[in-house]
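A.B. asks: Sequence and predicted structure, then a few things I'm wondering about:
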Amino acid sequence: MGGGHQSLESSEIRIKEHPILDFPEREKVKFYWEGKELWGYEGEPIASALHAAGIKVLHESMKEGHPRGFFCAIGNCSSCLVVVDGVPNVRACTEKLRAGIHVEMQKGVGPALISKE
Ligand code: FES
């Protein structure tokens, strides 16, 4: 193989022009994936920002720990579950990106939520 291929994490995989769709200007914001700083556009689905950064495995299945990622992209399949700011079971394909959020891969059912009441 040799050099010449680009790291997926450093490439930007985004559609910039489309014959029938418009892409409105959006604010570029920082967020964190597994503690690593990334950027995306405010209001785009978290999964889109992660895909643009080359990150495709978002979740590990409950029983076997198999990798899961974007599948239906409309919030129906639960293949893209992630942990956002400590909250498990967030669908990355429908949850909007916000500045400063911390997103983690969800392993199985994810961390237990402990009530402080
Ligand atoms: S990809 Fe199916 S719910 Fe997100």
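C.D. replies: Arrived safely, thanks for sending.
A.B. asks: how about the residues of the chain near the ligand?
C.D. replies: Within the chain, the residues that sit near the ligand (Cβ under 6 Å from any ligand atom) are 70, 71, 72, 73, 75, 76, 77, 78, 79, 80, 91, 93. Bear in mind the C-beta positions are built from the backbone N, C-alpha and C, glycine included.
A.B. asks: Drop anything exposed from the residues you listed.
C.D. replies: Those of the residues of the chain next to the ligand that meet the buried threshold are 70, 73, 79, 80, 91, 93, by 16 or more other Cβ atoms under 10 Å.
A.B. asks: okay, who's weakest in these by pLDDT?
C.D. replies: Here the lowest pLDDT out of these sits on residue 70, with 90.
A.B. asks: Contact partners for the closest residue to residue 111 other than its chain neighbours?
C.D. replies: Spatial nearest neighbour of residue 111, excluding adjacent residues (Cβ to Cβ, 6 or more residues apart in numbering): residue 88 at 5.7 Å. Neighbour list for residue 88: 81, 106, 109, 110, 111, 113 [criterion: Cβ atoms under 8 Å, 6 or more residues apart in numbering].
A.B. asks: one more time with 7 Å
C.D. replies: Shown in contact with residue 88 (Cβ atoms under 7 Å, 6 or more residues apart in numbering): 106, 109, 110, 111.
A.B. asks: My assumption is that it lies in a strand; please confirm.
C.D. replies: Yes - per DSSP: H, G, I helix; E, B strand; the rest coil, residue 88 lies within a strand segment.
A.B. asks: Retrieve the pLDDT associated with it.
C.D. replies: 96.
A.B. asks: Against residue 86, how distant is the residue nearest to residue 13 when sequence neighbours are not counted?
C.D. replies: With sequence-adjacent residues excluded and distances taken as Cβ to Cβ, 6+ apart, residue 13 is closest to residue 52, at 5.3 Å. Distance of residue 52 to residue 86, given as Cβ to Cβ, to the nearest Å: 24 Å.
A.B. asks: returning to that earlier point: how about the residue nearest to residue 13, what does it touch?
C.D. replies: Going by Cβ under 7 Å, 6+ apart, residue 52 touches 12, 13, 14, 40.
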